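predicted coordinates and the sequence they were generated for:
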Amino acid sequence: MIVSPEILRSNVDYNAWANLRLLDAAAKLAPKDLTHDFQTADRSILQTLVHIFGADRVWLARLTGAPSDIFLTDADRSLEALQNNWPPLLEGWKLFAASLTDEQPESEIEYRDLKGRPWKQPLWQLMLHVVNHGTHHRGQVAGFLRTLGHTPPPLDMTFYYRREWVVEVL
């Protein structure tokens, strides 16, 4: 399968846009809503967002060859940390995607997972995994918001595209 750098850049841009929209929505919540325990793997809105952030960070490190053995630290587990650290990380993703050549999406990336197991996959698969991972967990957060009586911001990819290419239906 051939995935163009432009498609990867578009997906990275969408991922950043959607993550920041949801982070902005979370910032408007009362602390009790932000940390409400939903009895899921990541427990709360805050910790699910922290999980997405950690994955974004570890995958960018893997793809750029930076050390990637730390997923999250205690310092990452606050709204303030997300607000300070996630936007520059997402810009790092955009810079990485902007630098892709036509050949790079097919290149094999060797990395180790958090358990130390070695893997090798094409770059395009790993980049789309990061976007899909974020989409999955943003969907969870959107459901949590609705359960608490809040309306989540529109996060659909079509909504993202519509903001760039407005097409009127007659």
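Here it is on my side, so go on.

and the strands in this protein, which stretches?
Listed in chain order, the strands of the chain (DSSP state E) span 108-112, 118-122.

could you dump those strands to a markdown table with mean neighbour count and distance to residue 60?
To be clear about C-beta, it is placed using only N, CA and C from the backbone, and glycine gets the same treatment. Below are these laid out as a markdown table (neighbours: other CB atoms under 10 Å; distance: least, CB to CB, whole Å):
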| stretch | mean neighbour count | distance to residue 60 |
| --- | --- | --- |
| strand 108-112 | 13 | 12 |
| strand 118-122 | 11 | 15 |
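
in JSON lines: those strands, plus distance to residue 32 and mean pLDDT.
Listed next are the strands of the chain as JSON lines, based on distance: least, CB to CB, whole Å; pLDDT from 0 to 100:
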{"stretch": "strand 108-112", "distance to residue 32": "39", "mean pLDDT": "96"}
{"stretch": "strand 118-122", "distance to residue 32": "40", "mean pLDDT": "97"}
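
and the top helix by length along the chain, what's buried?
Ordering each helix of the chain by length in residues (DSSP state H) puts helix 123-147 first. If you call a residue buried by 16 or more other CB atoms under 10 Å, then helix 123-147 has these buried ones: 123-124, 126-128, 130-131, 133-135, 137-138, 140-142, 144-145.

in contact with residue 35, which residues are there?
44, 45, 46, 47 (CB atoms under 8 Å, 6 or more residues apart in numbering).
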